[in-house]
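Peer 1: Give me a model of this one.
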Amino acid sequence: MGAFRDAALSCPIPAAVELIGEKWAFLIVRGAFNGLRHFEEFQAGLGIARNILSDRLAKLVAGDILKRASDPSDRRKVVYSLTEKGESLMPVMLAIRQWGEEWCQGEPDIVLADAASRRPIRRIRVFAEDGRELKLGDLVWLSRAEAETPAERAA
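Peer 2: All right, here's what the predicted structure looks like:
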């Protein structure tokens, strides 16, 4: 049990949840993925109070999920856009959406599709290096050293 506690204390999930795990933060990031850029767009699109929106945008900027810049077409306005770190949340956002479709609300009329083929994307899954789809019972926690191949250890 001590090893579990030590691993839990060093787990990256709490820090990630602290940054993006709150409902409004998720909805703001989803809005940014869907092209919302200005404070007024986020407020109108999400129905969020101005003070809460301001607070969440500041936290997402401080966490390097969003960046803030002057709007080139109107210097009085601010444009919010995803950083590279923010864009890397795409699989997380999609996995949560797909989980919600399956277990909470059902499939919506709008689907996310590949722009090239115009076909819906596949469900997010976890795969082994050899391409096998993995389920919970197929997984085990190892130290990084235990998971390295001999060639990786030598390098």
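Peer 1: can we go C-alpha only for contacts and neighbour counts from here?
Peer 2: Noted.
Peer 1: I'd like to know which elements the longest helix seen in the chain is packed against.
Peer 2: Assignment by DSSP state H gives helix 50-62 as the longest helix of the chain. Judged by 3 or more CA pairs under 8 Å, 6 or more residues apart in numbering; DSSP states H and E, the packing partners of helix 50-62 are helix 13-20, helix 23-33, helix 39-46, strand 66-71.
Peer 1: Those: which one's closest to Asp130?
Peer 2: Of all the helices and strands packed on helix 50-62, it is helix 13-20 that lies closest to Asp130, at 26.3 Å by CA to CA.
Peer 1: so where's the protein shaky on pLDDT?
Peer 2: 1, 3 (pLDDT under 70).
Peer 1: State the distance from the residue nearest the centre of it to Ala49.
Peer 2: Residue closest to the average C-alpha location in the chain (CA atoms, centre = their mean): Leu89, at 2.8 Å. As judged by CA to CA, to the nearest Å, Leu89 and Ala49 stand 24 Å apart.
Peer 1: now swap in Arg37 and tell me
Peer 2: Arg37 is 17 Å from Ala49, by CA to CA.
Peer 1: and those two? which has more neighbours close in?
Peer 2: Arg37 (19 against 10; other CA atoms under 10 Å).
Peer 1: which ones are touching the more buried one?
Peer 2: Val79, Tyr80, Ser81 (CA atoms under 8 Å, 6 or more residues apart in numbering).
Peer 1: okay, now Leu53: neighbour count?
Peer 2: 20.
Peer 1: correct me, but it touches Gly45?
Peer 2: No: with contact defined as CA atoms under 8 Å, Leu53 does not count as touching Gly45 (11.5 Å).
Peer 1: picking up where we left off before, got JSON lines for the helices and strands packed on helix 50-62, with mean neighbour count and distance to Leu142 too?
Peer 2: Below are the helices and strands packed on helix 50-62 laid out as JSON lines (neighbours: other CA atoms under 10 Å; distance: least, CA to CA, whole Å):
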{"stretch": "helix 13-20", "mean neighbour count": "13", "distance to Leu142": "17"}
{"stretch": "helix 23-33", "mean neighbour count": "18", "distance to Leu142": "30"}
{"stretch": "helix 39-46", "mean neighbour count": "15", "distance to Leu142": "41"}
{"stretch": "strand 66-71", "mean neighbour count": "16", "distance to Leu142": "33"}
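Peer 1: So which of the ones you listed is nearest Arg132?
Peer 2: Nearest of the helices and strands packed on helix 50-62 to Arg132, taken as CA to CA: helix 13-20 at 25.1 Å.
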